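Colleague: I would like to see how this sequence folds:
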Amino acid sequence: MKIKDYKTVILEKNEEGIGTLTLNRPEVFNAISEELTSEVLDALRIVNADADIKVLIITGAGKGFQAGADISPSSPPSTAWRSAGASSWPWPARSASPWKAPSWACPK
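Modeller: From the prediction side, this is the model:
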């Protein structure tokens with residue numbers, strides 16, 4: 001069952017409590033863009049708040065999981081991870097990154 005409509009990700013859950021977050025930009029091997037980053041962050045907040053989701057599988061559409069940053073001229077550098085800051089995360093940030101992004105560590 002689809003949870004919310006996004007442009008660059010697909011967020012679903014099933015009756016067994018398994019959530020799936022699919023990066024959905026296969027034409028660019030799911031390269032990270034500003035929009036993809038924002039949608040992933042929103043989806044992770046939804047998953048964190050949904051008591052029915054016990055585990056989250058993160059995958060990529062197409063031939064590859066994820067190719068890195070989208071460096072095409074039409075895609076500006078992503079700042080969503082940096083601008084989010086530790087105080088806006090719905091769970092404690094655990095990362096060696098200077099951006100204070102979590103290491104995919106939801107409390108579930």
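Colleague: Quick check: pLDDT value at the residue nearest to residue 36 when sequence neighbours are not counted.
Modeller: Ranked by C-beta to C-beta, 6 or more residues apart in numbering and with sequence neighbours excluded, the top spatial neighbour of residue 36 is residue 8, at 4.2 Å. (Each C-beta comes from the backbone N, C-alpha and C, glycine too.) Here, the pLDDT recorded for residue 8 equals 96.
Colleague: And the strands in this structure?
Modeller: Taking DSSP state E as the test, the strands found in the chain are 2-4, 9-13, 18-23, 55-60.
Colleague: Poorly predicted segments of this protein, please.
Modeller: Scanning the chain for pLDDT under 70 picks out 74-108.
Colleague: Residue 43 versus residue 5, what's the distance?
Modeller: Remark: distance between residue 5 and residue 43 (C-beta to C-beta, to the nearest Å) = 11 Å.
Colleague: could the strands of the chain be laid out in CSV, adding distance to residue 36 and mean neighbour count?
Modeller: Listed next are those as CSV, based on distance: least, C-beta to C-beta, whole Å; neighbours: other C-beta atoms under 10 Å:
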stretch, distance to residue 36, mean neighbour count
strand 2-4, 15, 13
strand 9-13, 7, 20
strand 18-23, 7, 20
strand 55-60, 11, 15
